[in-house]
Structure formats: structure tokens, C-alpha cells
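Colleague: quick one, structure for this:
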Amino acid sequence: MIGDVPQTMLPTGRQLTVTDGAGTTAVVTEVGAGLRAFESGGRAYAETYPEGVRPPRGCGALLAPWPNRVRGGRWTWEGTEQQLALTEPAAGNAIHGLLRHVCWTVVEQTSDAVTLAAVAVAQPGWPQPVCVTVGYSVAADGLTVTVGARNLGTGDVPFGVGSHPYLRVGTAAVRDCTLHLAATTAITLRDQLPEGEPRPLTDDERTISLRDARLDDCFGGARPGPGDDLVRHRLTSPDGGVELWADPAFAWVQVFTPDDLGGNGPAVAVEPMTCPPDALNSGDGLVVLAPGERWSARWGLRPLT
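Modeller: Reported below is the predicted structural model:
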């Protein structure tokens, strides 16, 4: 070390492990504050990747202060045109916020929980600084992720957040799994950006066989079932499953099924989001934070037997 600066550094920084001491464990990265691994009872319930590489296809990433894409990186806030860096250069869009590739600060850590924080500073395309926090905690019933935001600026600022976990059920092949969505609408996309009005989903469309699925689709209207207070998406296999639960603030979900994830073959991302693609332009689902105002919401993973 030179002072507090490491002489060498992994692409995702320090690997922060939390465990309940009885077989439920998560690994969180210092760079991007992403989820690199989650397992319980000796089974993996989230896809992982080697610690010596960058997260393939956004694996486990935290997406803030907006998730998904901004068309052309352009949007307008309080009458001022904003131009974000085009971080999806091939398509000419800004994608997945400002904090995926920065070092986060560990503000608290115990054996079974860690909380990190980073500031999306005011910069070209972003008008006010926002402090984002994320806490990961594990227990016998799974993983809880708590995301918070606070406006550090002098004017109002919009905020949205998402996460990018790839779900799995132990060693079961993704193509042998079925995805059950709590969403009620499909967002019509063209070039991965909304076009037209959402359409209602049928019950059959909410249950997706992944045998031949090729998805990079957004769904909305995710809501709790009768008598429940949480949104619940489930990935099931013939040998168990995993539930991604979320507060109702996560009313959108992106489902992405790449043919290969970092050399590990097909995978399925189930991405809880508080707003849909291009929300900085549409305003759909955006939280507007006044100076000093705070916001928080939770999602998590629960093994199913």
C-alpha cells in the first residue's frame, strides 16, 4: 500500500464476503458495489464470474442513478438540455447509470452484512449530486439488498435504480428452467427503447419456458399478489428454484437471456427496476428528490425447495 492506495487492484476491487455462518454467503465487489456471488446450502442462486475479470454483460451490477438506456444520452431537466456520455457507443445510448465503474466506500461491515456508498457527482448530463448507498445482508432465508439515495444538491433531481443479477438454480441448465413473472404488462421496445403503449400480459405470457427463449425484454406493472406486500418473480427447475422478491417500488423488470455469459453458456438476467428504459425522458417511475431528501427500497433472493 502507498498510504491508502493499493499497489495492485482487481478489476472489481476488493471482494467483500458476508455470511450467516451456516452456509448462506454473498460476495460483493468494491468497484460498482455489485453482487458477484450468492449461494446457500452449497447451491449457487446467482451466476458468478472470476474475480480477475470485469463483470461479463453487467453481471450483478447496481444501476444508478438510472437503470437501462437513455435514448442518445439526451434528456431535459427543468428546461435545461442534458447530454450524457454515450456508454453504449454501438447503439448511441447512455446505459445503466454512472456508478458501475467507480470505487465505492465501505461505510459499515459485519460478518453477515456490508453497506457501501458512492456519489454520482454533478457532471455533463447530470445536474445534481446524489449519494447512493447499498446494503447486502444474508440470513438463513436468503439475501436482502437495500438501496438508498439522498440528494446532496441544491435543486431537485430525478432518480431511478435497478440491479442486474443473473439467476440460477444450482447446476440446473437455464434451458431447463421456467421463469414466472409478477409483471402485468409488456413494454413495446424498438432498438431496446420504448415505442408505443405497454400491452397487457396474459397469464400464459407471464410463465416463460427458457428452453428456446431469446429475450432482452422489459415488463411493467409488477405488483404483489393478493394478500402480499412484495413483488415476487421466480425461476424454477425440476430440482428447486429461486425467488427474486422486491418492494413494490420495483414495478419494472428486464429479462435478458444471452447465449453465453463469460464462457459459462446461456444465462438469464432478471433485473428489478424502479423505472423503465428511457425514463429520464418519459418520466415513468422516476422518483424526484428535493435537496436533502432520502429514498430507499429493497429487493432480495430466496432459495425455493
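Colleague: following the lowest-mean-pLDDT helix or strand in the chain, which helix or strand comes up?
Modeller: Within the chain, no helix or strand scores below strand 189-190, which has a mean of 93 by mean pLDDT, DSSP states H and E. Downstream of strand 189-190, the next assigned helix or strand under DSSP states H and E is strand 193-194.
Colleague: strand partners (parallel or antiparallel) of that following strand?
Modeller: Taking DSSP bridges as the criterion, strand 193-194 sits next to strand 189-190 (antiparallel) in its sheet.
Colleague: contacts for the strand it pairs with?
Modeller: Here strand 189-190 makes contact (C-beta atoms under 8 Å, 6 or more residues apart in numbering) with 195, 217-218, 277. Any C-beta I mention is one placed from the backbone N, CA and C, and that applies to glycine too.
Colleague: can you tell me the distance between the two ends of stretch 222-229?
Modeller: With C-alpha to C-alpha, to the nearest Å as the measure, stretch 222-229 spans 12 Å from end to end.
Colleague: state the mean pLDDT of that stretch.
Modeller: Throughout stretch 222-229, pLDDT has a mean value of 96.
Colleague: buried ones in that stretch?
Modeller: Residues of stretch 222-229 classed as buried: residue 222 (neighbour count, 16 or more other C-beta atoms under 10 Å).
Colleague: need the contact partners of it.
Modeller: Under C-beta under 8 Å, 6+ apart, the answer for stretch 222-229 is 181-184, 230-233, 246, 248, 250-253, 272.
Colleague: so, low pLDDT: which residues of the stretch 1-150 of the chain?
Modeller: Counting by pLDDT under 70, the ranges of the stretch 1-150 of the chain that qualify are 1-5.
Colleague: narrow the contacts of strand 189-190 to those in strands?
Modeller: Using DSSP state E, the members of these that fall in strands are 217-218.
Colleague: show me which of the contacts of strand 189-190 are buried.
Modeller: 217-218, 277.
Colleague: now those in TSV, with distance to residue 36 and pLDDT?
Modeller: Putting the buried ones among the contacts of strand 189-190 into TSV (distance: C-beta to C-beta, whole Å; pLDDT from 0 to 100) gives the following:
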residue	distance to residue 36	pLDDT
217	25	96
218	25	97
277	25	98
